[in-house]
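Asks: Below is the sequence, then the predicted model.
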Amino acid sequence: AQSVTQLGSHVSVSEGALVLLRCNYSSSVPPYLFWYVQYPNQGLQLLLKYTSAATLVKGINGFEAEFKKSETSFHLTKPSAHMSDAAEYFCAVSFPSGNTPLVFGKGTRLSVIA
Amino acid sequence: KAGVTQTPRYLIKTRGQQVTLSCSPISGHRSVSWYQQTPGQGLQFLFEYFSETQRNKGNFPGRFSGRQFSNSRSEMNVSTLELGDSALYLCASSWVVTSTDTQYFGPGTRLTVL
């Protein structure tokens, strides 16, 4: 069965430092991959998605992620953290064939220290 | 363009009661999905509706049910509430197939069961 693992339930970075949030997936078929962000008391907002086109995907707010099939990873990065990036981030997987819903990881809470 | 709206935003119920949550998708979207978010279990898929038909259902007891109307608005119902049903319930809409299409999330309904 497909699954998503996010390494680290909480990541803390200094303002201006690199943000790296890790996501690994388990799947027997090529997946579609998503990163969502959730701010307090809000729903989820799509940051970016990979749907089998370019492996390096650029999203909103300066985030990007690279699909690495050999490592079954889809890590989210941002070169320079901003205080407004503090939120919870979710990696999710789905599949183009069949009727499958999104499967989410447990989430990673990002804290940004001034 | 208005986003996904969910009503009510907050709800307090007691054990044994039933509750109905409402979701209005983005105009033109025909697919609506529901998720339960809790600190312990994370985001879990409840069900998905497309053109008034349930296309997919997650692993939840029969106390959880839903429906979709001809205008794509959706409701979910939880009967005989239990303390463990306390959660943030998120609704998401998309144009068609949720496995490949971007899902847009509402702000959620926070249900507290006492």
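Replies: Arrived safely, thanks for sending.

Asks: and the residue nearest to B:Gly66 when sequence neighbours are not counted, what helix or strand is that in?
Replies: What sits nearest to B:Gly66 in space, not counting adjacent residues and going by C-beta to C-beta, 6 or more residues apart in numbering or on different chains, is B:Met76, at 4.1 Å. Yep, even glycine has a C-beta here, placed from its N, CA and C like the rest. Element membership for B:Met76, per DSSP states H and E: strand B:74-78.

Asks: Can you tell me the strand partners of the next helix or strand after that strand and which way each runs?
Replies: Next helix or strand after strand B:74-78 toward the C-terminus (DSSP H and E): strand B:87-94. Its sheet considered, strand B:87-94 pairs with strand B:31-38 (antiparallel), strand B:104-105 (antiparallel), strand B:109-113 (antiparallel) by DSSP bridges.

Asks: So for B:Lys13, which of the ones you listed sits nearest?
Replies: When those are ranked by distance to B:Lys13, counting by C-beta to C-beta, first place goes to strand B:109-113 at 5.5 Å.

Asks: Near chain B, which residues of chain A are found?
Replies: A:32, A:36, A:41-46, A:49, A:51, A:90, A:94-96, A:98-107 (C-beta under 8 Å from any C-beta of the partner chain).

Asks: and those residues, which are buried?
Replies: A:32, A:36, A:43-46, A:49, A:51, A:90, A:94-95, A:100-107 (16 or more other C-beta atoms under 10 Å in any protein chain shown).

Asks: got the contact list for B:Val96?
Replies: B:Arg30, B:Ser31, B:Phe50 (C-beta atoms under 8 Å, 6 or more residues apart in numbering or on different chains).

Asks: So the first one is in contact with B:Ser72, correct?
Replies: This means B:Arg30. Yes: under the criterion of C-beta atoms under 8 Å, B:Arg30 makes contact with B:Ser72 at 5.6 Å.

Asks: Those two - which one has more neighbours?
Replies: B:Ser72 (21 against 16; other C-beta atoms under 10 Å in any protein chain shown).

Asks: Tell me how far that one lies from A:Gly107.
Replies: 28 Å (C-beta to C-beta, to the nearest Å).

Asks: For chain B, which residue gets nearest to chain A?
Replies: For chain B, the residue closest to chain A is B:Phe105, as judged by C-beta to the nearest C-beta, at 3.5 Å.

Asks: Go ahead and confirm that residue touches A:Phe34.
Replies: No: B:Phe105 lies out of contact with A:Phe34 (C-beta under 8 Å); the separation is 11.5 Å.

Asks: So for these two, which sits in the more crowded spot?
Replies: A:Phe34 (27 against 21).

Asks: what's the angle between the helix or strand hosting the more buried one and strand B:87-94?
Replies: A:Phe34 belongs to strand A:32-38 when assigned by DSSP H and E. Orientation of strand A:32-38 against strand B:87-94 (axes from the mean of the first three to the mean of the last three C-alpha atoms, to 10 degrees) gives an angle of 130 degrees.

Asks: Look up how far A:Thr5 lies from the residue of chain A found nearest chain B.
Replies: Nearest residue of chain A to chain B: A:Gly43, at 3.5 Å (C-beta to the nearest C-beta). Distance of A:Gly43 to A:Thr5, given as C-beta to C-beta: 23 Å.
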